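A.B. asks: Here's my sequence, what's the structure:
(chains A and B)
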Amino acid sequence: AQSVTQLDSQVPVFEEAPVELRCNYSSSVSVYLFWYVQYPNQGLQLLLKYLSGSTLVKGINGFEAEFNKSQTSFHLRKPSVHISDTAEYFCAVADTGRRALTFGSGTRLQVQP
Amino acid sequence: NAGVTQTPKFQVLKTGQSMTLQCAQDMNHNSMYWYRQDPGMGLRLIYYSASEGTTDKGEVPNGYNVSRLNKREFSLRLESAAPSQTSVYFCASRLDSWEGQTPAFFGQGTRLTVV
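C.D. replies: Below you'll find the model as predicted:
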């Protein structure tokens, strides 16, 4: 069985500061990893995905994430956040055998002026 | 492009009532999913359908039934609603489920309250 752990339920940060949202996963097989963002009262939008190849992946809105197989992590980073980045962020994993994504519990990013 | 459309957006039910949540996608995707979102628990899979005519249970299927009416539509039915089913429900679709590589696209959600 696969699982996803997002260690921080809330991350407050000041505008223009860097941020890292942590995600760890467990799976017995190779995985594909995703980060989604959910703005208030909206559905989930894909930020970025890791399928194979380079372990550093870039997504929309200036976000990037690094896949670390030895640490089973896929942390999301942004060097300088904006107020508009305030949202909930979900890490998700899919393996080659399953047919649905498994989600973490989410991290609420609160950007303060 | 409409993407994934869910109806209704909001619903209040009394305990014991039944209702069906509708979902349709116009992206010619093979796989469709129903998730529920509860505070602090992320999204949990209720049911999914890898292709037209097939459905499978997810992590929390009890109290729900689904129908994959055709390739576009995947409905979720609550036969006898309970307060524990108060949640936000999301429908999602994905092009190809076999390799797990393609991302899922989500609807805007249905906020259901059972009183």
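
A.B. asks: can you give me the strands for chain A?
C.D. replies: Assignment of strands within chain A using DSSP state E yields the ranges A:3-5, A:10-14, A:19-21, A:24-26, A:31-38, A:44-50, A:56-58, A:64-68, A:73-78, A:87-95, A:102-103, A:107-112.

A.B. asks: Now do the longest one: distance to the chain's middle.
C.D. replies: Counting by Cα atoms, centre = their mean, to the nearest Å, strand A:87-95 is centred 5 Å from the centre of its parent chain.

A.B. asks: try the fourth one
C.D. replies: For strand A:24-26, the gap between its own C-alpha mean and the chain's C-alpha mean amounts to 12 Å (Cα atoms, centre = their mean).

A.B. asks: Show me what that strand is packed against.
C.D. replies: Contact here means 3 or more Cβ pairs under 8 Å, 6 or more residues apart in numbering or on different chains; DSSP states H and E; on that basis strand A:24-26 packs against strand A:3-5, strand A:73-78. In short, each C-beta sits where N, CA and C put it, glycine included.

A.B. asks: Quick one: closest of these to chain B.
C.D. replies: Minimum separation from chain B across the helices and strands packed on strand A:24-26 (Cβ to the nearest Cβ) falls at strand A:3-5, 7.7 Å.

A.B. asks: ok now do residue B:36, which residues does it touch?
C.D. replies: When contacts are counted by Cβ atoms under 8 Å, 6 or more residues apart in numbering or on different chains, residue B:36 touches B:43, B:44, B:46, B:60, B:87, B:88, B:89, B:90.

A.B. asks: what's the closest non-adjacent residue to it?
C.D. replies: residue B:87 (4.3 Å; Cβ to Cβ, 6 or more residues apart in numbering or on different chains).

A.B. asks: Next up, the contacts around residue A:64.
C.D. replies: Residue A:64 neighbours (Cβ under 8 Å, 6+ apart): A:48, A:56, A:57, A:58, A:76, A:77, A:78.

A.B. asks: among those residues, which ones are buried?
C.D. replies: The neighbour-count test (16 or more other Cβ atoms under 10 Å in any protein chain shown) marks A:48, A:57, A:76, A:78 as buried among those.

A.B. asks: ok, back up a step: just flag whichever of the helices and strands packed on strand A:24-26 has the lowest average confidence.
C.D. replies: Among these, strand A:3-5 carries the lowest mean pLDDT, a mean of 91.

A.B. asks: can you give me the strands for chain B?
C.D. replies: Along chain B, the segments classed as strands by DSSP E run B:4-7, B:10-13, B:19-25, B:31-38, B:42-49, B:56-57, B:64-68, B:74-78, B:87-94, B:105-106, B:110-114.

A.B. asks: Pull the distance from the first one to the chain's centre.
C.D. replies: This points to strand B:4-7. Between the centre of strand B:4-7 and the centre of its chain there are 10 Å (Cα atoms, centre = their mean).
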